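**Q** Give me a model of this one.
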Amino acid sequence: MKKVLVIHGPNLNLLGQRQVEVYGSITLEGINQLLSGLARELKVEIETVQLNSEGEIVESIHNAKDRFNAIVINPGAYTHYSVAVRDAIASVGLPAVEVHLSNIYAREEFRHQSVIAGVAAGQISGFGPQSYLLGLRAAVALLEGPKK
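**A** Down below sits the predicted model:
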């Protein structure tokens, strides 16, 4: 069975309390429940982690190399400047899908740049919790290859 690692980056543990006007009222637990349901439907295993530390995210990506087939990642603020997270994704050779709850291109100008996007298979942003579900669907589609 295919396995996908879902990494929730910094501050996502505060979903439902933090900037509800930007991120909505869903909690991280709520997103994880949605992901679990979709994973069952898609017949894949997922593991979810939430990490606030850049180093922990890098280690989690490194450790994914031999355990997972793909990564779905919301790097949070690390999206905009973490070359370390970018390099970790590039180094493990797993397809990665970058996701964001908010539309990062409709926010402050500094959020318009993603250093992760260049090493990700794709990026999904602006669809709230659906961004994660679309990201998981995209990761699974990458693993299944093109439909004939």
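
**Q** Spell out which helix or strand contains G16, please.
**A** Under DSSP states H and E, no helix or strand contains G16.

**Q** What's the local residue count around it?
**A** Neighbourhood size, G16 [other C-beta atoms under 10 Å]: 15. Bear in mind the C-beta positions are built from the backbone N, C-alpha and C, glycine included.

**Q** Tell me if I'm right that it and G30 touch.
**A** Yes - with contact defined as C-beta atoms under 8 Å, G16 reaches G30; the gap is 7.4 Å.

**Q** ok, the residue nearest to Y78 when sequence neighbours are not counted - contacts?
**A** Nearest residue to Y78 in three dimensions, chain neighbours excluded: V85, at 5.1 Å (C-beta to C-beta, 6 or more residues apart in numbering). When contacts are counted by C-beta atoms under 8 Å, 6 or more residues apart in numbering, V85 is found next to 54, 57-58, 61, 73, 75, 78, 115-116.

**Q** now, which of these lie within strands?
**A** I73 (DSSP state E).

**Q** Out of the contacts of V85, which is nearest to K2?
**A** The closest of these to K2 turns out to be I73 (C-beta to C-beta; 16.7 Å).
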